[in-house]
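[1] need coordinates for the below:
(one chain, ligands or ions: 2)
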Amino acid sequence: MAGDVASDRRVEPDLDGRGVRVAVVAGRFNDGITFRLLDGVTRGLEALGAPAPVVEWVPGAFEIPLAAKAFAEAGGVDAVIGVGCVIRGATTHYEAVAGECAAGILRAGLATGVPIVFGVLTTETLDQALERSEGPGGHNVGEEGARTAVEMVRLLARIGA
Ligand SMILES: Nc1c(NC[C@H](O)[C@H](O)[C@H](O)CO)[nH]c(=O)[nH]c1=O
Ligand SMILES: CC(=O)[C@@H](O)COP(=O)(O)O
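    Ligands and ions are numbered 1, 2, ... in the order given. Okay, the predicted model is just below:
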């Protein structure tokens, strides 16, 4: 499985999650995977000392950006994590859903200045999705998203954004 090619000169991130308020927007489509990602987010935030996230569900990945932007604009959270799972089917629908979800999350973060993390799996097969949403100690994109959210909140605070 391709992954992070780490240098021995890595600059370690500030992952102090104390007081970092996170909202999760979860896609109900393929929720057999989404729940695994959500568990990863919860584990990841807890490991960093962050409070448990607020969670809201949307029909699918395509709706994640709108709800994430709404959370960011409403205030009350320091970061938003979108979690879901888009698995290729027989048509080109996959490209639209996956691509626009990613683009929409990026736009929402840039528009609001609030870190909005892309914790959505976009895979060719169910096995690939299962491999990337494993339990404790395994590879979980949701758990990685929790770390990303905390790091970005601390980074933006340091920058003074
Ligand atoms: N096929 C997948 C979808 N499709 C649903 C869309 O996300 C959206 O809810 C619908 O097009 C109505 O706007 N969603 C996923 O999250 N994952 C898929 O594999
Ligand atoms: C990613 C999707 O939208 C997918 O589930 C749709 O399947 P299909 O392309 O066979 O309609």
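
[2] in the chain, mark out all the strands, start to finish.
    Counting by DSSP state E, the segments of the chain that form strands are 22-27, 54-58, 79-87, 116-123.

[3] quickly list what Thr123 is bridged to.
    Counting by DSSP bridges, Thr123 forms beta bridges with Ile87.

[4] residues near it, how many?
    20 (other C-beta atoms under 10 Å). C-betas here are computed from N, CA, C, even on glycine.

[5] quick check: it touching Gly84?
    No: using C-beta atoms under 8 Å, Thr123 is not in contact with Gly84; the gap is 11.3 Å.

[6] reformat the strands of the chain as CSV; add distance to Asp4 and mean pLDDT.
    Converted to CSV, those look like this (distance: least, C-beta to C-beta, whole Å; pLDDT from 0 to 100):
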stretch, distance to Asp4, mean pLDDT
strand 22-27, 22, 99
strand 54-58, 27, 98
strand 79-87, 18, 98
strand 116-123, 15, 98
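
[7] distance to Ala98 for these - can I get that in CSV?
    Shown next, in CSV, are the strands of the chain (distance: least, C-beta to C-beta, whole Å):
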stretch, distance to Ala98
strand 22-27, 11
strand 54-58, 15
strand 79-87, 4
strand 116-123, 4
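
[8] quick check: residues of the chain near ligand 2?
    Contact residues (C-beta under 6 Å from any ligand atom) of the chain with ligand 2: 86-91, 93-94, 97.
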